[in-house]
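> no sequence on this one, just coordinates:
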């Protein structure tokens, strides 16, 4: 069966409500729009970011008693952990986490050589993988721990949504480390989903195509994001608005355990569950023999569940 695209209608998003949700990279772009929507729905929101929310953030959000900003370098485990602790201290518990902070590809790490002080090939810059993969791993670890710590007065379980990318499914020429990291996010979700389900925690990914955020590259000098988008749309490039990605993220959270294992690709504001399509087409892309062999060995106790 072909994967069908659909639209997420903001007016029909009813939840989550009365929950506490932590968002990394929540001061701008997709993260900020997600925070705004979650707050409008009646949730407590914790923004974890290096910078304070952008001027685009409404005062009704930043002055709210249901809002907390915690400055953090997410590549630091101790700083991330402190952000979760601050959220629990203010709101009592954490119900959902949006693992969103990230950066675009940083320079050309494969085909442009730089030499060190000794005239030898310089060590590559790893910030793209450090932020987009390693720090995201840390956030997911913290999310599982703190969602699981809710007291007896709170319903157990929750939701973790992670930002992957179209590049996490199809890769992007010119962005090898970014693509590798985002493939890693998809793989992390797939590897966690069965175990997190036993804890009542749904884990999923949202995979935006090109989205109008500050990490967009390829703009002409002085060209605004709006003008760039107009130029790209003029040649047929599908462009997302950050609000459309935010709606997909909150939609995933609203599904509860029904969102576990989903991977929503978003292009031009349209959404499709790529994970469902991959699962139902295994015979096509694996072949009948390989699929049969895979199914025969999948229950082997190679990695015992420790939960």
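That came in fine, so what should we check first? Since this is a predicted model, take the numbers as computed values, not measurements. Numbers count the residues shown, from 1 in each chain.
> which SS state does the closest residue in space to residue 142 that isn't next to it in sequence fall under?
Take residue 142 and drop its neighbours on the chain: the residue closest to it by Cβ to Cβ, 6 or more residues apart in numbering is residue 84, 5.1 Å away. To be clear about C-beta, it is placed using only N, CA and C from the backbone, and glycine gets the same treatment. At residue 84, secondary structure determined by DSSP: H, G, I helix; E, B strand; the rest coil is helix.
> Residue 275: how many residues sit nearby?
22 (other Cβ atoms under 10 Å).
> cool, residue 103 as well?
When neighbours are counted by other Cβ under 10 Å, residue 103 comes out with 14.
> Distance from the chain centre to stretch 255-273, please.
On the basis of Cα atoms, centre = their mean, to the nearest Å, stretch 255-273 sits 12 Å off its chain's mean C-alpha point.
> Please apply the same query to stretch 95-107.
Distance, centroid of stretch 95-107 to centroid of chain: 6 Å (Cα atoms, centre = their mean).
> do stretch 113-124 as well
34 Å.
> was I right about the residue nearest to residue 142 contacting residue 94?
Yes. At 6.6 Å, residue 84 counts as touching residue 94 under the criterion of Cβ atoms under 8 Å.
> Now list whatever residues contact both of the two.
Here residue 84 and residue 94 have 22, 146 as joint contacts, going by Cβ atoms under 8 Å, 6 or more residues apart in numbering.
> Let me see the contact set for residue 134.
residue 75.
> Surely it forms part of a helix?
Yes. Checked against three-state DSSP, residue 134 lies within a helix.
> Point out where the chain drops to low pLDDT.
1, 215-218, 299-307 (pLDDT under 70).
> residue boundaries of the helices in it?
Assigned by DSSP state H, the chain shows helices spanning 29-40, 59-62, 77-91, 127-129, 136-147, 167-170, 176-197, 225-234, 242-254, 274-280, 282-286, 288-297.
> looking at those helices, which is closest to residue 13?
With Cβ to Cβ, the closest approach to residue 13 among those belongs to helix 242-254: 5.5 Å.
> what packs against the closest one?
helix 29-40, strand 158-163, strand 201-208, strand 263-267 (3 or more Cβ pairs under 8 Å, 6 or more residues apart in numbering; DSSP states H and E).
> Could you say which of those is packed most deeply?
strand 158-163 (a mean of 28; mean count of other Cβ atoms under 10 Å).
> Mind listing residues that contact that strand?
16, 19, 25, 30, 94-100, 102, 136, 140, 143-144, 147, 150, 185, 188-189, 196, 200-206, 208, 249, 252-253, 256, 259.
> show me the contacts for residue 277.
Counted by Cβ under 8 Å, 6+ apart, residue 277 has contacts 2, 3.
> redo that, cut-off 6 Å
residue 3 (Cβ atoms under 6 Å, 6 or more residues apart in numbering).
> Could you measure from it over to residue 285?
Computed as Cβ to Cβ, to the nearest Å, the residue 277 to residue 285 distance reads 10 Å.
> just residue 58 next, same as before
In terms of Cβ to Cβ, residue 58 sits 45 Å off from residue 285.
> of the two, who's got more company?
Taking other Cβ under 10 Å, residue 58 and residue 285 do not tie; residue 58 has more neighbours (13 against 9).
> what about the residue nearest to residue 107 when sequence neighbours are not counted, neighbour count?
The shortest distance from residue 107 to any non-neighbouring residue, by Cβ to Cβ, 6+ apart, is to residue 125 (6.5 Å). Here the count is done by other Cβ under 10 Å, and residue 125 has 13 residues near it.
> Hmm, residue 165 is touching residue 182, no?
Yes. Counting by Cβ atoms under 6 Å, residue 165 does reach residue 182; the two are 4.2 Å apart.
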